[in-house]
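K.L.:
Requesting a structural model of the entry that follows:
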Amino acid sequence: MPRSLSAGLQTQVSAQQTKIAFLVELNLSTVIRLTDYYRDVTYNSESYEAGGSFLQVDSTTETGQIEVNQIVLTFSNVTDQVLSLVNNGAFTDKKVEIYMAYFDTNEDLVGAVNYFTGNIRSVAVQESLDQSVLTLNVASHWANWNLTKGRHYSDESQQLEFTGDRGLEYATQNRDNVRWGG
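P.N.:
Have a look, this model is predicted:
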């Protein structure tokens, strides 16, 4: 995928010394932004929290082919907020954006590029007395190629969208001899 980099970012990427960090945005029911940098980072007016959840991002490659790319994110020392969202099932098919941020020698953020964007496919939690480790498998949008989109019309689905609407209350009932018209 072609990317355009600002002049400052081009200079920083080609510099002899550069520092990088991952910025991860989990678009769960509550948006969570984390970084593996040693301090909080602000990018695009959004703050990415450091320290609370130790983050590891797998490498990925671009091939130019239409394929399902996947990446694994690992969080150790997971916060109760993140565990609660996962235990409540708030992770299913949610969008994850990962950026690679570049810092200059003064540790000022120069810019960031999109490293990976996808949806959460699966989650695993391993807990011990010392720590909780959360592993997210994130796949590109091609992973849902055969997924049937749309809405199943039932009273339950209608109540989720429009509480109190009784338009589909009898949707599951049918009659054999329905006459249309006059």
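K.L.:
how much space between residue 132 and residue 86?
P.N.:
Computed as Cβ to Cβ, to the nearest Å, the residue 132 to residue 86 distance reads 10 Å. Yep, even glycine has a C-beta here, placed from its N, CA and C like the rest.
K.L.:
Spell out which residues are contacts of both of those two.
P.N.:
Any residue near both residue 132 and residue 86 by Cβ atoms under 8 Å, 6 or more residues apart in numbering counts here, and that gives residue 125.
K.L.:
quick one, which of these two is more surrounded?
P.N.:
Between residue 132 and residue 86, residue 86 has the larger neighbour count (other Cβ atoms under 10 Å), namely 21 against 18.
K.L.:
Let me know the secondary structure of the more buried one.
P.N.:
Of the three states, residue 86 takes helix according to DSSP: H, G, I helix; E, B strand; the rest coil.
K.L.:
Kindly provide the distance from it to residue 163.
P.N.:
According to Cβ to Cβ, residue 86 stands 26 Å off from residue 163.
K.L.:
just the helices in this protein please.
P.N.:
If DSSP state H is used as the criterion, the helices of the chain fall at 7-13, 80-87, 155-161.
K.L.:
Just give me the longest strand of the protein.
P.N.:
If you go by DSSP state E, the chain has its longest strand at strand 109-127.
K.L.:
And that strand, what does it pack against?
P.N.:
When contacts are defined as 3 or more Cβ pairs under 8 Å, 6 or more residues apart in numbering; DSSP states H and E, strand 109-127 sits against helix 7-13, strand 41-43, strand 70-76, helix 80-87, strand 95-103, strand 132-139.
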